[in-house]
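Participant: let me see the structure of the following:
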Amino acid sequence: MQRIIRKTITRLSFFYNNIENYWHGDRNHRLLGTLIFFIFLISLALIHLNRMGLIHSYLTEYIPTNYFAAIVISFWILLIFEIFSLIFVLPGSVSSSMIKQFEIFSLILLRDVFKSIEKFSEVEIWSNLISHFYPMLFDAAGALLIFIGIYHIKKLQLHKSITSNQDKQNQFIEIKKVLSLLLILIFVGLIGYDAFLFINQSDVFHLFTLFYSVMIFFDVMIVLISLRYNLSYMVLFRYSAFTIATILLRISLTAPAMYKALIGVASVAFVYLLTMYYSKYMRDFQTTKS
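Facilitator: Numbers count the residues shown, from 1 in each chain. The predicted structure follows:
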């Protein structure tokens, strides 16, 4: 039975490798970049036609009338692609996947800035802007601070295998690849269901908020699986702390604009301190042993 499970995991891992290689390929990057560009142009064209009254009445409910909405739509598509990129980072370094989560969150904040602009008309006066200005300012400042935090976390990053046994390390990575395949299926399912609700004019759920909820359970599974290969307090604390950071991001996604940015920045600061002292601990511990 154990051999069958092992062979199944290996085959799924091989299948994952093929998908990952294609996703990170230059051809796919060019395709995705071109797709987002044309989605932006098509969105602008449809918005313009809707404003001119040239869209069928049934479709007018689905098409906005503000040109700034085309930017929000493009960012929404970009974020979906970034989520897939995050999934393909997960089997590697846990710290790299955490950084990718921060990158996506900073893009969500920038998208929210454009969502606020979407509420304006093309020519707006200050008295109408003031109620949206401060949330926009907090989102933009929060995105910038997270960007700066990512830079400093990357400088402190210290990659270390969870186990010195290469075979066990490979097993751990293969299991994470299988979980990533499951996560891809879940995310595709969420996109499909959200689209179904939108087409049927139902209340759509928040796709990225729900995905971060799923990420919390994924992170917990990684923590539990890691116990098979390393029972070290530092490893357990580090993996668990990254889960806490994901929880903070999840909470911030449903918070008001000002709190959203503050909680996101607090999550980055938390991981920065964790990374700084974990790296210091590992260097000092290795120095002491040698």
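Participant: next, count neighbours for residue 195.
Facilitator: Counted with other Cβ atoms under 10 Å, residues neighbouring residue 195 total 12. Every residue, glycine included, has its C-beta placed from N, CA and C.
Participant: next SSE after whichever helix or strand it is part of?
Facilitator: Counting by DSSP states H and E, the element that carries residue 195 is helix 166-199. Taking DSSP H and E as the definition, the helix or strand that follows helix 166-199 towards the C-terminus is helix 207-226.
Participant: what mean pLDDT does that next one have?
Facilitator: Looking at helix 207-226 alone, the average pLDDT works out to 88.
Participant: ok, then the element right after the lowest-mean-pLDDT helix or strand in the chain?
Facilitator: Within the chain, confidence by mean pLDDT, DSSP states H and E is lowest for helix 57-60 among all helices and strands, at a mean of 74. Note on helix 57-60: by DSSP H and E, the next helix or strand toward the C-terminus is helix 69-89.
Participant: that older thread, and the helix holding residue 195, how far out from the chain's middle?
Facilitator: Shown here is helix 166-199, whose average C-alpha point lies 13 Å from the average C-alpha point of the whole chain (Cα atoms, centre = their mean, to the nearest Å).
Participant: average pLDDT for it?
Facilitator: Per-residue confidence for helix 166-199 averages out to 87 on the pLDDT scale.
Participant: tell me what that helix is packed against?
Facilitator: When contacts are defined as 3 or more Cβ pairs under 8 Å, 6 or more residues apart in numbering; DSSP states H and E, helix 166-199 packs onto helix 2-23, helix 69-89, helix 207-226.
Participant: mind listing what's buried in that helix?
Facilitator: Judged by neighbour count (16 or more other Cβ atoms under 10 Å), helix 166-199 contains these buried residues: 171-172, 174-181, 183-184, 186-187, 190, 194.
Participant: list just the nearest of the residues you listed to residue 7.
Facilitator: Checking the buried residues of helix 166-199 against residue 7 with Cβ to Cβ, the nearest one is residue 174 at 11.1 Å.
Participant: for that closest one, give me its contacts.
Facilitator: 9-10, 13 (Cβ atoms under 8 Å, 6 or more residues apart in numbering).
Participant: where does the prediction get shaky in the stretch 1-150 of the chain?
Facilitator: Under the criterion of pLDDT under 70, the regions of the stretch 1-150 of the chain flagged as low confidence span 118-131.
Participant: can you rerun that using 80?
Facilitator: Along the stretch 1-150 of the chain, segments meeting pLDDT under 80 span 1-3, 5-6, 55-62, 116-133.
Participant: one step back: and the least confident helix or strand of the chain, how far out from the chain middle?
Facilitator: Average the C-alpha atoms of helix 57-60, do the same for its chain, and the two points are 33 Å apart (Cα atoms, centre = their mean).
Participant: what's the angle between the helix holding residue 195 and helix 69-89?
Facilitator: Regarding helix 166-199 and helix 69-89, their directions subtend 150 degrees when assessed with axes from the mean of the first three to the mean of the last three Cα atoms, to 10 degrees.
Participant: in TSV: the helices and strands packed on helix 166-199, plus distance to residue 233.
Facilitator: Converted to TSV, the helices and strands packed on helix 166-199 look like this (distance: least, Cβ to Cβ, whole Å):
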stretch	distance to residue 233
helix 2-23	28
helix 69-89	26
helix 207-226	12
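Participant: could the ones you listed be laid out in JSON lines, adding mean neighbour count and distance to residue 259?
Facilitator: Written out in JSON lines, the entries for the helices and strands packed on helix 166-199 read as follows (neighbours: other Cβ atoms under 10 Å; distance: least, Cβ to Cβ, whole Å):
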{"stretch": "helix 2-23", "mean neighbour count": "13", "distance to residue 259": "34"}
{"stretch": "helix 69-89", "mean neighbour count": "19", "distance to residue 259": "21"}
{"stretch": "helix 207-226", "mean neighbour count": "18", "distance to residue 259": "14"}
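Participant: looking at the ones you listed, which is closest to residue 254?
Facilitator: Relative to residue 254, the nearest member of these by Cβ to Cβ is helix 207-226, separated by 6.0 Å.
Participant: elements contacting the helix or strand following the closest one?
Facilitator: The first helix or strand that comes after helix 207-226 along the chain, using DSSP H and E, is helix 233-253. Applying 3+ Cβ pairs under 8 Å, 6+ apart, one finds that helix 233-253 contacts helix 94-118, helix 207-226, helix 257-289.
Participant: just give me the closest of the contacts of residue 174 to residue 158.
Facilitator: Proximity to residue 158 was ranked across these by Cβ to Cβ; first place goes to residue 13, at 25.9 Å.
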